[in-house]
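Enquirer: Output the structure for:
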Amino acid sequence: MKRVAFNLMAWTIVLVTAFPLIWMVITSVKPQFELFRIPPTFWPEEITFEHYRRLLWETPFLTFMRNSLILSFSTTVLVVAVATLGAHSLVRFRYPGRERLAQLVLFTYLLPSVVLILPLYLMMVWLGVANSLLSLVIAYTSFALPYALWLLRSFMQGIPDDLESAALVDGATRMEAFFDVILPQALPGIISTSLFTFILSWNEYLYALVLVNTDSARPLTTGVMSMLVSSFNIEWSLLMAASVMMSVPLIIIFAVLQKYLTRGFGAGGVKG
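Expert: I've put the predicted structure just below:
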């Protein structure tokens with residue numbers, strides 16, 4: 001009886017959580033006139049993909065999608081590369097102020113994003129990269145790198161020192177030991193951190209709204225909103241179609257990397 005009650009409660013939570021997503025998908029294939037019908041209908045009387053056709057061919061949605069993909073992948077590669085090297089330094093090397101540096105890195109992550117907007121904007125203008133994808137890559141790195149570094153630090157701490165020491169005794173250089181021993185052991189954590197960074201970059205809105213104001217450099221988060229505010233009549237089916245398309249890359253990445261994600265967070269909680 002307890003098992004049945006537990007399963008019923010679990011499925012109820014799943015359905016409540018998934019209902020907005022299900023409603024989003026169903027609404028995206030409803031004709032516009034069905035959206036405001038009273039009483040509302042759950043299943044559409046007529047399924048149409050006209051909203052997806054209009055979204056892809058009559059709006060700059062694909063440009064926004066391309067910008068988001070470039071921005072998210074570039075930020076992820078940069079953040080993970082720097083965070084992996086930084087985490088290895090904080091764990092394996094001994095130097096004055098190492099722990100204070102780690103605490104300072106975490107403190108920068110705790111700062112509100114609003115505090116950093118003005119300094120970042122002035123820095124972008126000074127560098128001459130304002131209103132471009134490069135400015136967003138730099139801005140996204142500023143808030144994603146501290147947490148990624150702290151997260152990878154915990155993963156690195158779970159790798160026994162004996163593995164690297166054995167490689168060094170066998171004649172490997174410090175760099176060879178890092179690439180041949182440390183990186184394979186830290187791979188689940190690196191993938192988890194990459195996924196976390198990608199999602200942060202993909203969903204970020206505030207910096208994209210302030211630092212970029214042209215369609216050629218807008219990501220999806222602000223680009224879709226710019227399409228909506230340009231019209232007084234919001235087409236909700238078009239908005240739902242855009243929301244579904246925005247979710248597809250994240251769903252694919254989660255499906256492919258799910259086993260690494262769970263393994264990575266499990267490994268991060270164990271210190272060897």
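Enquirer: quick one: low-confidence parts of the stretch 101-250 of the chain?
Expert: Low-confidence regions of the stretch 101-250 of the chain, defined by pLDDT under 70, span residues 229-233.
Enquirer: Tell me which stretches of it form helices.
Expert: When assigned using DSSP state H, counting those that start in this stretch, the helices of the stretch 101-250 of the chain occupy the ranges 113-127, 133-157, 161-169, 174-177, 183-203, 206-211, 220-229, 236-268.
Enquirer: Out of these, which gets nearest to residue 61?
Expert: Each of the helices of the stretch 101-250 of the chain was checked against residue 61 via CB to CB, and the shortest separation belongs to helix 236-268, namely 6.3 Å. Just so you know, the C-beta spots here come from the backbone N, C-alpha and C atoms, and that holds for glycine as well.
Enquirer: Pull the contacting residues for the spatially most central residue of the chain.
Expert: Per CA atoms, centre = their mean, the C-alpha nearest to the average position across the chain is that of residue 199, at 1.1 Å. The contact partners of residue 199, taken as CB atoms under 8 Å, 6 or more residues apart in numbering, are residue 250.
Enquirer: now it: how far from residue 74?
Expert: 15 Å (CB to CB, to the nearest Å).
Enquirer: now residue 176
Expert: Taking CB to CB as the measure, residue 176 and residue 74 are separated by 28 Å.
Enquirer: that older thread, mind checking the helices of the stretch 101-250 of the chain for the one nearest to residue 96?
Expert: Between residue 96 and the helices of the stretch 101-250 of the chain, the tightest spacing by CB to CB is seen for helix 133-157, at 17.8 Å.
Enquirer: Now do that closest one against helix 113-127, angle only.
Expert: Here helix 133-157 runs at an angle of 120 degrees relative to helix 113-127 (axes from the mean of the first three to the mean of the last three CA atoms, to 10 degrees).
Enquirer: Could you name the helices and strands sitting against helix 133-157?
Expert: Helix 133-157 makes packing contacts with helix 61-92, helix 98-110, helix 113-127, helix 183-203, helix 206-211, helix 236-268 when contacts are defined by 3 or more CB pairs under 8 Å, 6 or more residues apart in numbering; DSSP states H and E.
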